[in-house]
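K.L.:
got a sequence here, can you model it:
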Amino acid sequence: PSTNTWAKRTPKLHHGDVVFTRHQTAGRGQYQRSWYSPPGVLTASFVLEGLLPSQLPILSLATGLVVIDGVEDLLPALRGSLRIKWPNDVMACGRKLGGVLCEATSNTQQSRVVVGIGLNLKVDFTNSGIENAISLQEVSGEIPEELVLLERLRYHLIQILEVIRSGQELTFFPRLRERDLLLHRSLTILSAGESFSGQGAGIDSGGRLLIRLEKGEIRAFVSGQVSYFLKP
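P.N.:
As a prediction, the model looks like this:
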C-alpha cells in the first residue's frame, strides 16, 4: 500500500536500505493527502539513521536536490531545468514531477528516518483529474532504468546526509536558492489556519520559506501549503 508505511513497520531494515514498488495503492503526501501512484510512478523509501529530529526539515528540502541530481545524472539533457517548490516538491516546466515525504520513526536523540520519494516516470495524466503533474517521459522522451535511478538517488541521499550530520548544510543552500521555483513569484501560503499573500523572497539558513508580504515585511514560514502563479 505505501512504501513509507511498510518501511516504518519493518524493523529489520537498516541504514541505507531501500524499499520500492511499481504500483502503490495507498500513497501519502504532506498533510495526509493521497499520493496518486498508478503504474508508471516510481515510489521508494530510503532508511536513514543517525539524524537529529531538528534536522528533519533540512533533510526534506535537501532530498529535493537529491532527486534533481539523480535524474540529471542519468538524463543530462535536463540539467539546470528542474526546480524545487518549497518544501518538498520537484518541478519540471512548472508542474509536479516528484514529491518527498520524510518521517522520523523514533523520538530518541538519534532518529531513524524514512525518506519517501515519489517520481513520475511514465504516466498519462490526461484523464486523472490531476492538472499540475508531469512525467519524465513528457519532458525528456526517455526514462532511466529503475534500479539505476534508485542507485543514483541512494548515492546522493547518503552523501547529503553526511553533509547534514557534519553540520555543513549551509554549503548546499546556494544550490537550493538557485533551484527555488518560488523565488520572486507571486504566491499565497496557508499556515496555521491563516492565509498570507506576497512574493517569494528565498529560503533562509533554517530552511524556512521567506515571503515579502504586500506591505513589504519579510516573514519566514516553517510550514504551510503554497499556491503560486506561473508568471513571476
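
K.L.:
helix or strand right after the helix-or-strand element of the chain with minimal mean pLDDT?
P.N.:
The weakest-scoring helix or strand in the chain, judged by mean pLDDT, DSSP states H and E, is strand 34-35 (a mean of 60). Moving toward the C-terminus from strand 34-35, the next helix or strand (DSSP states H and E) is strand 41-51.

K.L.:
now the closest residue to residue 111 other than its chain neighbours: how far from residue 7?
P.N.:
Nearest non-adjacent residue to residue 111, counting by Cβ to Cβ, 6 or more residues apart in numbering: residue 104, 4.4 Å away. The way it works is simple: take the backbone N, C-alpha and C, and place the C-beta from them, glycine included. According to Cβ to Cβ, to the nearest Å, residue 104 stands 12 Å off from residue 7.

K.L.:
which one's more surrounded, those two?
P.N.:
The neighbour comparison of residue 104 against residue 7 (other Cβ atoms under 10 Å) goes to residue 7, with 22 against 18.

K.L.:
helices or strands next to whichever strand or helix holds the more buried one in the packing?
P.N.:
Residue 7 belongs to helix 3-8 when assigned by DSSP H and E. With contacts taken as 3 or more Cβ pairs under 8 Å, 6 or more residues apart in numbering; DSSP states H and E, helix 3-8 sits against strand 18-21, strand 41-51, strand 95-104, strand 111-120.

K.L.:
need the residues that contact the third one.
P.N.:
With contact meaning Cβ atoms under 8 Å, 6 or more residues apart in numbering, strand 95-104 is reached by 4, 8, 28-30, 35, 51, 53, 56, 59-60, 63-64, 67, 82, 85, 88-91, 111-120, 132-136, 139.

K.L.:
just the buried residues out of the residues you listed, in PyMOL syntax.
P.N.:
Here is the PyMOL command that selects the buried residues among these (16 or more other Cβ atoms under 10 Å):
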select buried, resi 4+8+28+29+30+35+51+56+59+60+63+64+67+82+85+88+89+90+91+111+112+113+114+115+116+117+118+119+120+133+134+135+136+139
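
K.L.:
quick check: closest non-adjacent residue to residue 140.
P.N.:
In space, and not counting its chain neighbours, residue 140 is closest to residue 75: 5.0 Å by Cβ to Cβ, 6+ apart.

K.L.:
mind giving me CSV with the helices and strands packed on helix 3-8 and columns for distance to residue 218 and mean pLDDT?
P.N.:
Shown next, in CSV, are the helices and strands packed on helix 3-8 (distance: least, Cβ to Cβ, whole Å; pLDDT from 0 to 100):
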stretch, distance to residue 218, mean pLDDT
strand 18-21, 39, 94
strand 41-51, 29, 92
strand 95-104, 26, 93
strand 111-120, 30, 92
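
K.L.:
run through this structure and note the low-pLDDT ranges.
P.N.:
Where the chain drops to pLDDT under 70, the residues are 27-37, 106-110, 127-129, 230-232.
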